[in-house]
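Engineer: Sequence and predicted structure below; questions after.
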Amino acid sequence: MKKWLRRLCTAVLVVALVVAVVLLREEHEERLRRERDREQQIESLYRRIDEDLGDVDVSLSKLTAAASPRQSVLLLGDVWRSTGSAGAAMALLPLSHADSCDMSQFITRCADYAHALMGRVLEGKPLSDRDRQQLDSIRTACAEIRQLTGTAIENGDYLAADTVDLGCYESTQSEAAISEYPTLIYDGPFSESGENQAPRCDPGERISAAAAQKKALRLYPGATVTDCTYVPSRLPTYEITLDTKDRGTVSVSVTEAGGRLRSFMGTPTGNKNDPPSDEESEALKAEALGVLLELGFEDPAAAYAQYYQGVAVLNFAPRQEGVLLYSDLVKVYMDRDTRQVLGLDASHYCLNHRHRDLPAPRLTEAEAREAVAAGLDIQAVTLALIPLTQESEVLCYECKATRGETYFLVYINALTGAEEQIFQVINSSEGDLVV
Amino acid sequence: MHMAIKRKRAWRLAAAALVLLLVALPITAEAVALKKGARGDEVVTVQKKLKQWGYYTGAVDGIFGSGTEKAVKFFQTKNGLTADGVVGQKTAAALGMELSGAGAQTDASDRSMRLLAACIHGESRGEPYKGQVAVGAVILNRVKSSKFPNSISGVIYQPGAFDAVKDGQINLEPNDSAMRAARDAMNGYDPTYGCLYYYNPATSTNKWMLSKPIALQIGRHVFCY
């Protein structure tokens, strides 16, 4: 080999070695930096939980000295915000869900409870002795959680660091727990009673799997049952799979109690995405209404609708004595190409529908209109029973109103005149979106 | 000697060019993020949105100050995002806005729907359609449960919760089937009847998950409460 070539090769090798060493060192430093960032992020989340729960303790302590509803609401608002912030921080920690879900649940329920209490105080109802006891138990539990977070911060020993590679559902056996999380009794979306609420429908006679299959086959005459599974859900249900001659595989579910049709769902033929014409939407509505009446649903009134990927989803609210029952909403899925019913979801109806003792309104329609915010142009008013929480419904005047181009549904309590709920209806190319 | 100096200069120039390139890349990537010190119409939009939703109480003046930064952090924590006070693409998406140069505008609900569809696509591509809706329903059941974060993004990005997030499959473009499944799930169709967990019994070895009573099986996934 020539001398200059040997020198060149040596130079290239030296340069390659230097580059490799530099790159490796950079990679190592980058890895260290990322690990440091991650540790700092975890520490900051621990500190935030610690600070937030400290704020909760202070607010709850002040609440024991509060006499006015205004001060109580402000302090409960602080509790709501601080627990919400602590819960959000906890969700970001790479903790084992198996070990930490009880703590997350407790923090979520604290926030939910504080929010529910704010509503109650605003309605003029003072905190009860039970509320005071429960708020004390929250302080005790928060103090215990802070002991855990405080120890972790002081020792730099974060539970999250051990669980990151194990995955969310693998227990580390080092539980992020305190001795006992208090049970909070209240009415809210995340309350124990709300989450485990038993069906409120009229109880019916239990039917067998064979009877459920017979009911499913009535929908699709000539079909063959390929599977029937008993699902022990909140409302136990038979899940029946049918092989139909012309509509492929269809799932039908029938409740065990009362043998009510809970849902069925097929596959659409087309993929239409354009907004429907008035003629099409009216035809779809008429067809869906006919099928609902045929299936035995009482006096359903068409509510809002959505259109996407060949499907129209039409929502119907059953009525009792002319009052819309929004807790019992039924959804009908229509195939836009064939204009035939494709599916139905009556889960809410099956869970909630029963005969209600509806109170007589104390407000007149004119008084309800007066209670709506100035500047809103009211288009229509009707009586509706709306769910306020999982456990309570209120009779309201539903006022459809507009302000400029914006469309609202305002619900005025028909007994007290209170403004119970406001929804905004967004008209999009896919139909109505209620937010 | 003269040649050696020239080569050194060439190396230095090349190294400088490389350094400039490496430095310029992150600047380009950060150009579409809003943070403390930023000013302009996009800051006005951020402030308006935060104010409208109760996160911000200061003036809508188009100046990204410490008040705006604090409000952004609060918004990020409530929505399961990294609370760094910087409005990047993810935070902008959660706010229902697009930062300049980031493409066409779509609204916040569309973004949630697309995120749900992306997770369904990454988790249950190849499953029967009902199984895809079921995965979407489990995500939405978690949003409604006290044991999980209370937003779609919070549930999906909960550390370690979904394989599709861990292995990056969530970044794949969702197909029509996943989009429809997301819409059906958002409309309330729940083939799992309220389940909070699912796994593939052929591959799962997780004792905690396997100890849960099975409610039903759809495709290769079993679902439990």
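Structural biologist: That came through fine. Numbers count the residues shown, from 1 in each chain, chains lettered A, B, ... in the order given.

Engineer: From now on I want contacts and neighbour counts done on CA atoms only, so please keep to that.
Structural biologist: Fine.

Engineer: Can you work out which other helices and strands pack against the helix or strand harbouring residue A:82?
Structural biologist: For residue A:82, the host element (DSSP states H and E) is helix A:69-92. When contacts are defined as 3 or more CA pairs under 8 Å, 6 or more residues apart in numbering or on different chains; DSSP states H and E, helix A:69-92 sits against helix A:3-63, helix A:97-122, helix B:66-78.

Engineer: could these be laid out in CSV, adding distance to residue A:223?
Structural biologist: CSV is the format used below for these (distance: least, CA to CA, whole Å):
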stretch, distance to residue A:223
helix A:3-63, 56
helix A:97-122, 43
helix B:66-78, 49
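
Engineer: could I get those as a markdown table with mean pLDDT, mean neighbour count and distance to residue A:322?
Structural biologist: Formatted as a markdown table, these follow (pLDDT from 0 to 100; neighbours: other CA atoms under 10 Å in any protein chain shown; distance: least, CA to CA, whole Å):
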| stretch | mean pLDDT | mean neighbour count | distance to residue A:322 |
| --- | --- | --- | --- |
| helix A:3-63 | 93 | 15 | 45 |
| helix A:97-122 | 92 | 21 | 29 |
| helix B:66-78 | 85 | 22 | 41 |
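
Engineer: returning to what we had before: what does the helix holding residue A:82 contact?
Structural biologist: With CA atoms under 8 Å, 6 or more residues apart in numbering or on different chains as the test, helix A:69-92 has contacts from A:45-46, A:48-49, A:52-53, A:55-56, A:59-60, A:62-63, A:66, A:104, A:107-108, A:110-112, A:114-115, A:117-118, A:121-122, A:124, A:126, B:74, B:77-82, B:148-149, B:154, B:158-159.

Engineer: what sits against residue B:156?
Structural biologist: Counting by CA under 8 Å, 6+ apart, residue B:156 touches B:119, B:139, B:162, B:165.

Engineer: and the helix or strand hosting the first one, which residues are buried?
Structural biologist: Translated: residue B:119. In this assignment (DSSP H and E), residue B:119 forms part of helix B:108-124. Residues of helix B:108-124 classed as buried: B:111-124 (neighbour count, 16 or more other CA atoms under 10 Å in any protein chain shown).

Engineer: how about the next helix or strand along the chain from that helix, does it reach chain A?
Structural biologist: Per DSSP H and E, the first helix or strand lying C-terminal to helix B:108-124 is helix B:129-143. No - taking CA under 8 Å from any CA of the partner chain as the criterion, helix B:129-143 and chain A are apart, separated by no less than 8.9 Å.

Engineer: so helix B:129-143 versus helix B:108-124, what angle?
Structural biologist: Here the directions of helix B:129-143 and helix B:108-124 differ by 120 degrees (axes from the mean of the first three to the mean of the last three CA atoms, to 10 degrees).

Engineer: Pull helix B:129-143 out as PDB, backbone CA atoms only.
Structural biologist: Extracted as PDB, the C-alpha positions of helix B:129-143 are listed here (Å, rounded to 0.1, in the frame of the first residue of the first chain):
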ATOM      1  CA  TYR B 129     -66.300  -3.500  13.400                       C
ATOM      2  CA  LYS B 130     -68.200  -4.100  16.600                       C
ATOM      3  CA  GLY B 131     -64.900  -4.700  18.300                       C
ATOM      4  CA  GLN B 132     -63.600  -1.400  17.100                       C
ATOM      5  CA  VAL B 133     -66.700   0.500  18.500                       C
ATOM      6  CA  ALA B 134     -66.200  -1.500  21.700                       C
ATOM      7  CA  VAL B 135     -62.600  -0.100  22.100                       C
ATOM      8  CA  GLY B 136     -64.000   3.400  21.600                       C
ATOM      9  CA  ALA B 137     -66.800   2.800  24.100                       C
ATOM     10  CA  VAL B 138     -64.200   1.600  26.700                       C
ATOM     11  CA  ILE B 139     -62.300   4.800  26.300                       C
ATOM     12  CA  LEU B 140     -65.500   6.900  26.700                       C
ATOM     13  CA  ASN B 141     -66.600   4.800  29.700                       C
ATOM     14  CA  ARG B 142     -63.300   5.600  31.300                       C
ATOM     15  CA  VAL B 143     -63.900   9.300  30.700                       C
END
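
Engineer: Please, where are all the helices along chain B?
Structural biologist: For chain B, the helices defined by DSSP state H cover B:2-30, B:41-52, B:66-78, B:89-95, B:108-124, B:129-143, B:152-156, B:163-166, B:176-186, B:207-210.

Engineer: per-residue pLDDT, residue 83?
Structural biologist: No chain was given, so I picked chain A. With respect to pLDDT, residue A:83 scores 96.

Engineer: nope, chain B
Structural biologist: As predicted, residue B:83 sits at a pLDDT of 83.

Engineer: Can you list the buried residues in the helix holding residue A:82?
Structural biologist: Quick answer for helix A:69-92 (16+ other CA under 10 Å): A:69, A:72-73, A:75-92.

Engineer: what stretches of chain B score poorly on pLDDT?
Structural biologist: Applying pLDDT under 70 to chain B flags the ranges B:1-32, B:37, B:39-40, B:89, B:98-108.

Engineer: can you list the residues of it near chain A?
Structural biologist: Residues of chain B lying near chain A (CA under 8 Å from any CA): B:74, B:77-82, B:144-149, B:154, B:158-161, B:180, B:189, B:193-194, B:206-209, B:215-216.

Engineer: which among these end up buried?
Structural biologist: Buried, going by 16+ other CA under 10 Å: B:74, B:77-81, B:144-149, B:154, B:158-161, B:180, B:189, B:193-194, B:209, B:215-216, out of the residues of chain B next to chain A.

Engineer: rewinding a little: could I get the helix holding residue B:119 in PDB with only the CA atoms?
Structural biologist: In PDB, the C-alpha atoms belonging to helix B:108-124 read as follows (Å, rounded to 0.1, in the frame of the first residue of the first chain):
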ATOM      1  CA  ALA B 108     -62.300  20.900  18.900                       C
ATOM      2  CA  SER B 109     -64.900  18.200  18.700                       C
ATOM      3  CA  ASP B 110     -63.500  17.000  15.400                       C
ATOM      4  CA  ARG B 111     -60.100  16.700  17.000                       C
ATOM      5  CA  SER B 112     -61.400  14.700  19.900                       C
ATOM      6  CA  MET B 113     -63.200  12.400  17.400                       C
ATOM      7  CA  ARG B 114     -60.000  12.000  15.300                       C
ATOM      8  CA  LEU B 115     -57.900  11.200  18.400                       C
ATOM      9  CA  LEU B 116     -60.500   8.600  19.500                       C
ATOM     10  CA  ALA B 117     -60.500   7.200  15.900                       C
ATOM     11  CA  ALA B 118     -56.700   7.100  15.900                       C
ATOM     12  CA  CYS B 119     -56.600   5.200  19.200                       C
ATOM     13  CA  ILE B 120     -59.300   2.800  17.900                       C
ATOM     14  CA  HIS B 121     -57.300   2.300  14.700                       C
ATOM     15  CA  GLY B 122     -54.000   1.700  16.500                       C
ATOM     16  CA  GLU B 123     -55.600  -0.700  19.100                       C
ATOM     17  CA  SER B 124     -58.100  -2.700  17.100                       C
END
